[in-house]
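Visitor: Mind folding the following:
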Amino acid sequence: MKKQSNTSTERLLTYEEVCTVLKTSQATLRRYVKQGRFPAPVKPNPNGRAVRFRYQDVKAWLDKL
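Guide: Next comes the predicted model:
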């Protein structure tokens with residue numbers, strides 16, 4: 001998994017990286033987020049279009065399974 005920097009030192013993951021870990025498609029991951037079944041992504045740059053998932057949120061979700 002890539003390590004991205006933010007104002008803090010938290011790791012941020014792309015949709016592609018999360019899908020690889022979950023072994024699911026981006027469409028399924030987007031559906032889970034929309035339904036509230038998966039933690040919502042954050043925007044690293046408030047003016048940008050990119051979104052990322054916090055590593056801690058993904059890990060906590062996986063630990064609950």
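
Visitor: Count the neighbours of residue 57 for me.
Guide: When neighbours are defined as other C-beta atoms under 10 Å, residue 57 has 17 of them. Backbone N, C-alpha and C define where each C-beta goes, glycine included.

Visitor: Tell me how far the residue positioned nearest the centre of the chain lies from residue 27.
Guide: Nearest residue to the geometric centre of the chain (C-alpha atoms, centre = their mean): residue 53, 2.2 Å. For residue 53, the distance to residue 27 equals 16 Å [C-beta to C-beta, to the nearest Å].

Visitor: next one: residue 59
Guide: In terms of C-beta to C-beta, residue 59 sits 23 Å off from residue 27.

Visitor: Go ahead and list the helix or strand containing the residue of the chain positioned farthest from its centre.
Guide: Going by C-alpha atoms, centre = their mean, the residue of the chain most distant from its centre is residue 47, 18.5 Å out. For residue 47, there is no helix or strand it lies in under DSSP states H and E.

Visitor: neighbour-wise, which of residue 59 and residue 27 wins?
Guide: Taking neighbours as other C-beta under 10 Å, residue 59 and residue 27 compare with residue 59 leading, 12 against 9.

Visitor: so that one, which of the three states?
Guide: In three-state terms, and counting by DSSP: H, G, I helix; E, B strand; the rest coil, residue 59 is helix.

Visitor: Return the backbone torsion pair for residue 54.
Guide: Phi and psi for residue 54, reported as degrees, to the nearest 10, are phi -70, psi 130.

Visitor: since we're on it, how many residues are nearby?
Guide: Neighbourhood size, residue 54 [other C-beta under 10 Å]: 17.

Visitor: and it, bridged to which residues?
Guide: residue 12 (DSSP bridges).

Visitor: just checking, it touches residue 40?
Guide: No - between residue 54 and residue 40 there is no contact under C-beta atoms under 8 Å: 9.7 Å.

Visitor: Having no further points to raise, I will conclude here.
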